[in-house]
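K.L.:
Quick one: sequence plus predicted model below, questions after.
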Amino acid sequence: MPAQARFKDHACPYCGKKFATLQGLRSHTSQVSVCQIQSKKTVNAESIPVIPIPAAQNNGQDQKHANVEEVDDDPSSTYDPKWIYEESYPRPAGTPVRPCQTSFEIYREQQKADGSEPWEPFQSQDEWELACWLMESGASQTKIDSFLRLNKIRNNVKPNFKDKRAFFRTIDLLPTGPSFSCTPMEVMGNLKDTNGENRTEVLELWHRDILECISELMGNPAFNEKQEYAPRREFREMKNGIPCNRQYSEMWTANWWWNVQDKLPEDATVAPIILASDETQLSTFSGDKKAWPKMIQPLIDKGLAPTEMACSDGFIRSVYALLAVYIADYPEQCRIACCKRNSCPQCTITPKKRGCLEPANSIYREPVDISQGYNPSKFKTLNMLPINPFWKDLPLCHIFECMTPDLLHQMHRGVFADHSIANGDEEIDARFRTMPPHPTLCHFRKGISKVFLGTLGGAADARVIRVVRAAEDYMYYSHFESHCEESLEAMEAAWKTFHTEKEVFVELGVRNQFNISKVHNVLHYPQNICSRGTLDGFNSETTERLHIDLAKAGYRASNKRRYIVQMTQWLQRQEAVQRFASYLQWAIPGYIAELSGVANDEDEDSTDSTDGSEEAELHPVKYTVARRPPLQASVTSIENDYEADWFTWYLDKFLTNHGLASKIPINIQHGLNTLPPFPLYKQLRLQLPPIPEAASESLTDVVHTTKHIDAFWTEKGLVKEIPAKTSIVLVRVMGNDPSKGPLHGIQVAHVRLLFRLPSEIASFHHPLAYVQWFKPFQKDPVKDLNLFKLSYSFQQHYPHCSIIPVTQIIQTCHLYPAYGRSVDATWTSDNILDKCSSFYLNVYLRHRDFLQFRHRISMFIKSKEDEVIEFQKKRARRA
């Protein structure tokens with residue numbers, strides 16, 4: 001996440017205009033002539049202190065000094081220290097040429113000139129929303145036609161379009177982006193004809209002009225204040241006046257953009273291109289030799305000549321479209337790199353050394369050498385294939401550095417799934433079956449990496465545990481959406497541990513060797529992050545999912561005859577609807593386009609609607625509950641059905657501690673039936689603060705508390721029992737002292753009940769939670785597993801419980817049961833939280849959990865160890 005996106009209400013010091021982001025303010029002061037002139041004359045020392053960067057950190061340009069900018073902290077920021085230091089690119093870059101109108105402004109002016117409303121060509125906003133729903137629903141043309149011919153629709157709704165033809169004619173009136181064109185291609189196959197010649201076939205290549213696509217994206221007003229036009233370096237710390245601990249996130253914070261900007265004229269704007277392809281029948285034969293040159297020819301023709309493009313902020317820039325990233329699976333990468341499949345598409349490591357750690361710094365392949373060809377001996381040495389690469393004439397293209405990691409195939413389906421997991425063990429299977437549930441876990445559907453390490457404790461060799469832990473750590477580090485030098489060092493240390501311990505699989509007979517391409521390829525991850533930014537934007541899972549969705553949905557919407565041309569037309573119409581929805585949100589203040597493609601997959605009981613919900617505005621973690629509690633329960637029911645023993649005693653203690661006088665005497669020994677029923681909630685929704693390392697992860701966290709319901713018979717048959725649904729949470733019990741570690745002031749608790757005080761007893765602003773405590777965190781995690789061990793807390797042989805405001809709950813968490821040597825046969829996933837005596841805190845539940853409970857704690861322990869070493873050195877010097 002760009003640091004600037006976390007700030008609000010930035011005002012220009014020269015004209016007073018306010019902007020939602022710091023990026024928007026920067027764009028304004030660099031492009032509005034009056035403010036630009038003033039900004040060059042004046043430096044606001046309070047908001048933007050100028051700190052010179054040593055020449056060694058300035059690419060050797062002694063005459064040009066970079067500025068380091070201190071950006072104010074946001075309360076939700078997780079950085080410590082709280083400052084982020086920014087080093088701007090030392091030469092003019094991304095400079096506007098002249099102002100222009102955006103495509104939205106041009107279209108709105110045309111509508112006004114015609115006397116049209118914003119939603120035309122539709123008669124009304126309602127008709128537009130009906131058309132939008134029909135296009136987004138995935139219905140075929142036949143279904144759309146049937147729907148529009150319904151009497152209810154024709155006579156009551158009365159849309160301007162009476163059938164599918166009129167409907168699509170209206171859709172085609174919407175402004176569109178680049179159009180498709182078709183090029184016939186003759187490809188040669190591997191089958192022979194009667195004359196012994198390879199058979200050929202003429203295929204259709206549907207494509208768009210790549211420069212037109214780039215221009216459309218650069219000028220889309222929906223991306224305003226979300227684009228960067230120049231590289232910049234970010235640092236998390238300042239030591240002795242020098243910024244350090246560099247941060248990597250988006251591509252503009254990494255090295256490639258900065259380095260390629262050095263090779264372009266001043267004021268140039270780089271448009272990094274991300275290409276993606278997958279192995280298809282076309283590329284398996286000779287089609288790729290003709291298809292790719294056709295699609296990238298505009299880039300080759302342009303060379304290093306700039307293209308003037310209108311940008312989303314209303315300015316024209318001189319844009320250089322350069323290939324930055326190529327997303328492909330491993331076989332496709334090898335084909336593009338012109339190397340055999342037992343080679344690395346990025347470096348020159350020999351096939352027999354792929355399982356070693358030492359060759360991590362093997363030199364990258366050279367594009368010039370590959371494109372010009374080698375003699376036969378060099379071909380053999382570098383495992384090359386005689387392929388004429390399509391990319392050889394692309395400007396400033398280092399294709400081997402463009403090959404970004406493939407997290408889906410290399411990590412999830414590669415190192416972890418193929419080389420770390422041994423399936424079929426009955427004990428491991430039993431542990432999976434008894435793993436406690438959590439809303440973010442779905443065994444064997446969303447993956448088992450989140451709970452796999454927890455199944456090994458007590459059942460596997462310590463070395464196996466260490467190598468699996470190292471692989472999982474590396475995988476979770478690779479998913480960070482914001483890295484720094486510290487996290488990259490920790491990432492590399494995890495992979496070093498994997499290599500140090502991996503031979504245990506050979507000793508146990510699980511594997512013969514680790515001379516595997518996927519094991520080697522992941523070595524390049526830290527290099528790729530420093531070069532192109534974090535890996536979340538380059539995962540092949542995204543492009544594969546997009547390809548499947550668009551191809552299948554487009555085919556279903558066709559009439560199955562000449563479907564390819566219909567699929568391209570369907571895609572263009574979908575884009576037109578999406579674009580028009582963005583336009584209406586821009587043109588009509590307050591309008592929000594609800595596209596049916598955006599689904600909410602949260603499992604929420606209809607009685608727990610959050611409409612009119614309450615929020616704890618003063619607490620770092622906001623919460624929402626149902627406006628009206630859906631349940632009422634007596635004290636007897638609470639104590640019996642929700643396992644909230646001694647509820648009234650803890651209630652009396654809570655009222656006393658908070659200085660609340662009960663309107664009804666609470667007699668702990670007698671008269672429980674005299675107390676009014678308590679309003680109960682089924683769930684509490686927490687809105688977690690965003691963190692840069694997991695910016696795209698869901699911020700919604702749900703605490704569940706429902707009782708067990710026995711099976712019962714009805715006229716419609718047997719209704720199966722419904723297990724109780726409760727949650728494990730982290731609770732803030734005291735203020736945090738950073739010098740005592742990330743876990744200081746935090747304790748784990750089991751939420752048994754969510755309720756509100758009846759008005760007959762007392763008034764309290766927030767809902768309350770009845771929790772059963774775990775013992776405080778130990779000083780250090782358990783060896784090998786590197787997890788914190790937990791057990792329930794008891795007082796005088798009774799469970800230690802409390803009633804607390806829900807504002808003390810930080811987030812939910814997940815626990816691995818400490819199984820020991822084997823699983824108790826009576827344990828199930830529904831009862832294990834009550835029957836098991838000790839647990840481990842799951843650091844792999846979500847990436848935020850990994851950041852908090854693995855990375856930050858490891859960094860804290862390391863800092864304390866460094867302090868001890870430094871103290872010993874000082875004492876030795878004094879001696």
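P.N.:
The structure has been received and is ready for your questions.

K.L.:
May I have the distance across stretch 694-714, first residue to last?
P.N.:
Stretch 694-714 stretches 47 Å from its first residue to its last (CA to CA, to the nearest Å).

K.L.:
correct me, but Ser822 touches Glu427?
P.N.:
Yes - using CB atoms under 8 Å, Ser822 is in contact with Glu427, at 6.2 Å. For the C-beta atoms, the positions are set from N, CA and C on the backbone; glycine is no exception.

K.L.:
looking at it, Ser558 is touching Gln141, isn't it?
P.N.:
Yes - when contacts are counted by CB under 8 Å, Ser558 is listed as touching Gln141 (7.5 Å).

K.L.:
any low-confidence regions in the stretch 351-500 of the chain?
P.N.:
Counting by pLDDT under 70, the stretch 351-500 of the chain contains low-confidence residues at 358-364, 366-376, 408-425, 442-451.

K.L.:
Which parts of it are helices?
P.N.:
Ranges of helices in the stretch 351-500 of the chain, per DSSP state H, counting those that start in this stretch, are 367-372, 376-381, 399-402, 417-419, 426-433, 449-452, 462-478, 485-501.

K.L.:
Same question for the one helix or strand Gln333 maps to: list its buried residues.
P.N.:
With elements taken from DSSP states H and E, the one containing Gln333 is helix 330-336. Within helix 330-336, the residues scored as buried using 16 or more other CB atoms under 10 Å are Tyr330, Glu332, Gln333, Cys334, Arg335, Ile336.

K.L.:
Do you know the pLDDT at the fifth one?
P.N.:
In this case it means Arg335. At Arg335, the model reports a pLDDT of 87.

K.L.:
if I look at it, how far off is Ser343?
P.N.:
11 Å (CB to CB, to the nearest Å).

K.L.:
rewinding a little: Ser822 and Glu427: which has the busier surroundings?
P.N.:
Glu427 (15 against 12; other CB atoms under 10 Å).

K.L.:
helix/strand/coil for Gly537?
P.N.:
Look at Gly537: counting by DSSP: H, G, I helix; E, B strand; the rest coil, its state is helix.

K.L.:
which element is Ser312 on?
P.N.:
Per DSSP H and E, there is no helix or strand for Ser312.

K.L.:
Give the closest residue to Ala93 in space, chain neighbours not counted.
P.N.:
Leaving aside its sequence neighbours, Ala93 sits nearest to Ala230 (CB to CB, 6 or more residues apart in numbering; 3.8 Å).

K.L.:
got the contact list for the one you found?
P.N.:
Taking CB atoms under 8 Å, 6 or more residues apart in numbering, we find Ala230 in contact with Ser88, Tyr89, Ala93, Gly94, Trp252, Gln261, Thr269.

K.L.:
per-residue pLDDT, the last one?
P.N.:
Same thing as Thr269. 97.

K.L.:
Run through who's touching the helix or strand Val504 falls within.
P.N.:
Taking DSSP H and E as the definition, Val504 sits inside helix 503-507. Residues outside helix 503-507 that contact it (CB under 8 Å, 6+ apart): His419, Asp461, Arg463, Val464, Val467, Arg511, Asn512, Gln513, Phe514.
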